[in-house]
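**Q** sequence unknown, structure follows:
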């Protein structure tokens, strides 16, 4: 890792890490604070504005202020994971091999549980570009300001549960949440009053953790599994949305007349190995690529969109 000063006067560092696809990782629908800007991706992680871009040797990252060793970014981007070892656990069948060939370098992020839960509550029946807009508006309306380059406009951290719980449903609806507003309010109130302990969820067995998350109004199995996978790293969580169902149906059951959710869940739990959650995200991104539903790269200076239920 090497360090320098960026154009805004803040620190820049380079991570020499092979096999990391920044575009696939930050644009594949697992997180919604990252946005493509002028050939790179910009977001807010651990209360810091940060810019990340690919280099021939790996990744270049920039922020403003003290990066404090960059450990927060290493953790979020999962730079310590051995991707080759993870991919080596995937089943060696033609669909999975095709997904790895198409998406190799995609990593699972390590997200903060509250922001991950709140973001996926906002995702219902929305495309990724719309979810990013909702999350951005929530941060702008209720989040703490974050130091960022002057030409980026105001940048804010994602608001905590106490702030959103005190905001009220009408204020949340004003951030384009619509029918999702009472669900987000219920989640915030449960975290604030202790009915939902997100730290304790991380220590629970997956079945109990899923049930705890589903105690929130509007949180079903898919949203709960997204949070378990993307915030807690539970590899036995296998979110099945319209895109993953399509991938499983087309790639593994092309002749099946009827695929019940129970059948798909049993197959997924037994077929994809100890990193089933990782395999799910490769299938998800692969089927979107096949369908032409993945947007342009950040170099095109636009936000990619995905037309699926819940952005997933």
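**A** Arrived safely, thanks for sending. Quantities reported herein were computed from a predicted structural model and do not represent experimental measurements. Residues are numbered from 1 along each chain as shown.
**Q** contacts and neighbour counts: CA atoms only from here.
**A** Noted.
**Q** just how off-centre is stretch 195-204 within its chain?
**A** Chain-centre distance of stretch 195-204: 19 Å, with C-alpha atoms, centre = their mean, to the nearest Å.
**Q** swap that for stretch 162-176, please
**A** In this view, stretch 162-176 has its centroid 22 Å away from the chain centroid, taken as C-alpha atoms, centre = their mean.
**Q** show me the contact partners of it.
**A** 134, 137-138, 141-142, 179-182, 185-186, 188-189, 192 (C-alpha atoms under 8 Å, 6 or more residues apart in numbering).
**Q** which residues of the stretch 151-300 of the chain score low on pLDDT?
**A** Scanning the stretch 151-300 of the chain for pLDDT under 70 picks out 295-300.
**Q** and the strands in the stretch 1-150 of the chain, which stretches?
**A** Assigned by DSSP state E, counting those that start in this stretch, the stretch 1-150 of the chain shows strands spanning 2-5, 11-16, 35-37, 40-45, 48-55, 58-63, 145-146.
**Q** make TSV out of the contacts of stretch 162-176 and add distance to residue 107 and neighbour count.
**A** TSV is the format used below for these (distance: C-alpha to C-alpha, whole Å; neighbours: other C-alpha atoms under 10 Å):
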residue	distance to residue 107	neighbour count
134	24	22
137	27	19
138	26	24
141	31	18
142	30	18
179	32	13
180	29	20
181	31	21
182	32	18
185	31	22
186	31	20
188	29	24
189	32	20
192	31	18
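**Q** rewinding a little: ok, which of the strands of the stretch 1-150 of the chain comes nearest residue 123?
**A** Nearest of the strands of the stretch 1-150 of the chain to residue 123, taken as C-alpha to C-alpha: strand 35-37 at 16.0 Å.
**Q** buried residues in the closest one?
**A** 35-37 (16 or more other C-alpha atoms under 10 Å).
**Q** in space, what's closest to residue 216 - neighbours in sequence excluded?
**A** Once flanking residues are discounted, residue 216 sits nearest to residue 187: 5.6 Å by C-alpha to C-alpha, 6 or more residues apart in numbering.
**Q** what's the answer for residue 12, then?
**A** Closest residue in space to residue 12, ignoring its immediate chain neighbours: residue 62 at 4.3 Å, by C-alpha to C-alpha, 6+ apart.
**Q** so that neighbour is in contact with residue 54, correct?
**A** No. Using C-alpha atoms under 8 Å, residue 62 is not in contact with residue 54; the gap is 12.0 Å.
**Q** more neighbours: those two, which one.
**A** Between residue 62 and residue 54, counted using other C-alpha atoms under 10 Å, the more crowded position is residue 62 (25 against 18).
**Q** what's the burial count for the closest residue to residue 17 other than its chain neighbours?
**A** Spatial nearest neighbour of residue 17, chain neighbours left out: residue 58 (4.7 Å); criterion: C-alpha to C-alpha, 6+ apart. Counted with other C-alpha under 10 Å, residues neighbouring residue 58 total 16.
**Q** try residue 286
**A** 25.
**Q** about what we covered before: now intersect the contacts of stretch 162-176 with the helices, please.
**A** Counting by DSSP state H, these place 134, 137-138, 141-142, 181-182, 185-186, 188-189, 192 in helices.
**Q** same list (those residues) but as TSV, adding distance to residue 293.
**A** Below are those laid out as TSV (distance: C-alpha to C-alpha, whole Å):
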residue	distance to residue 293
134	21
137	25
138	26
141	31
142	32
181	28
182	30
185	32
186	33
188	33
189	36
192	38
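**Q** one step back: which residues touch the residue nearest to residue 216?
**A** Per C-alpha under 8 Å, 6+ apart, neighbours of residue 187: 118, 161, 196, 216-217.
**Q** sorry, back to before: read off the pLDDT value for the residue nearest to residue 17.
**A** Note on residue 58: pLDDT of 94.
**Q** what are the bridge partners for it, then?
**A** residue 16, residue 55 (DSSP bridges).
**Q** was I right about it contacting residue 18?
**A** Yes. Residue 58 lies in contact with residue 18 (C-alpha under 8 Å); the separation is 5.7 Å.
**Q** just give me the closest of the buried residues of strand 35-37 to residue 277.
**A** Distance to residue 277 across the buried residues of strand 35-37 (C-alpha to C-alpha) is lowest for residue 35, with 23.6 Å.
**Q** so the closest one makes contact with residue 50?
**A** No. The pair residue 35 / residue 50 is not scored as a contact, 10.8 Å apart, by C-alpha under 8 Å.
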